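In: using only what follows, build the 3D model:
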Amino acid sequence: MDTTATRLTFRDATEADVDALVALVESAYRGESSRAGWTTEADILEGQRTDPEGVLEVIRSSDSRVLTVEQDGGIVACCQLEHRGDHAYFGMFAVSPTLQGAGLGKTVIAEAERQARAAWGVTEMHMTVISVRDDLIAWYERRGYRRTGRMTPFPYGDERFGVPRRDDLRFELLVKELV
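Out: As a prediction, the model looks like this:
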């Protein structure tokens with residue numbers, strides 16, 4: 001395992017983290033900065049991926065938390081965990097583009113799964129991924145997630161989720177049993 005994992009600090013985000021979290025998520029998925037990593041969506045979506053209001057809403061929700069990962073005093077990764085009855089939802093996952101490919105994502109998702117089990121006693125983790133993101137879906141499959149074939153439409157026309165560059169976007173539900 002990469003030795004950077006030993007220098008990570010995991011904590012729940014606070015309202016003071018909102019701007020840094022928005023910047024991290026945007027840098028991992030949109031615009032030219034996202035091309036430094038492999039998770040970029042720049043070829044399929046323009047515009048924003050999230051905004052301060054959306055991140056703040058997750059932080060303030062009693063059923064959600066934003067797991068924030070720090071290294072050397074800066075936020076380098078994050079994810080949303082939301083308690084939804086018998087399962088947890090995993091979203092807003094971002095790793096700094098310059099740190100992608102070194103094992104940090106694996107460490108973060110494993111810790112998120114551990115915390116969801118410990119905090120809520122859930123037996124499954126759910127997430128949605130844009131169905132045309134084959135490389136990203138394959139990465140999640142290597143972590144034990146399975147494709148369900150259950151699709152939901154992309155919110156075309158709602159620029160809070162970005163401006164699509166293609167007309168075939170939709171979300172697929174991925175599920176992992178937590179044991």
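In: and the helices in the chain?
Out: Listed in chain order, the helices found in the chain under DSSP state H are 18-29, 52-60, 104-120, 134-142.
In: can you name every helix or strand that the first one contacts?
Out: Pointing back at helix 18-29 there. Using 3 or more C-beta pairs under 8 Å, 6 or more residues apart in numbering; DSSP states H and E as the contact test, the elements touching helix 18-29 are helix 52-60, strand 74-84, strand 87-95. Backbone N, C-alpha and C define where each C-beta goes, glycine included.
In: one more time with 10 Å, if that's ok
Out: helix 52-60, strand 64-71, strand 74-84, strand 87-95 (3 or more C-beta pairs under 10 Å, 6 or more residues apart in numbering; DSSP states H and E).
In: most tightly surrounded among the ones you listed?
Out: strand 87-95 (a mean of 22; mean count of other C-beta atoms under 10 Å).
In: follow-up on the earlier one: could you export the helices and strands packed on helix 18-29 as a markdown table, including mean pLDDT and distance to Glu32?
Out: Shown next, in a markdown table, are the helices and strands packed on helix 18-29 (pLDDT from 0 to 100; distance: least, C-beta to C-beta, whole Å):
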| stretch | mean pLDDT | distance to Glu32 |
| --- | --- | --- |
| helix 52-60 | 96 | 22 |
| strand 64-71 | 97 | 23 |
| strand 74-84 | 98 | 19 |
| strand 87-95 | 98 | 16 |
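In: export the ones you listed to JSON lines and tack on distance to Gly105?
Out: Listed next are the helices and strands packed on helix 18-29 as JSON lines, based on distance: least, C-beta to C-beta, whole Å:
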{"stretch": "helix 52-60", "distance to Gly105": "19"}
{"stretch": "strand 64-71", "distance to Gly105": "10"}
{"stretch": "strand 74-84", "distance to Gly105": "7"}
{"stretch": "strand 87-95", "distance to Gly105": "5"}
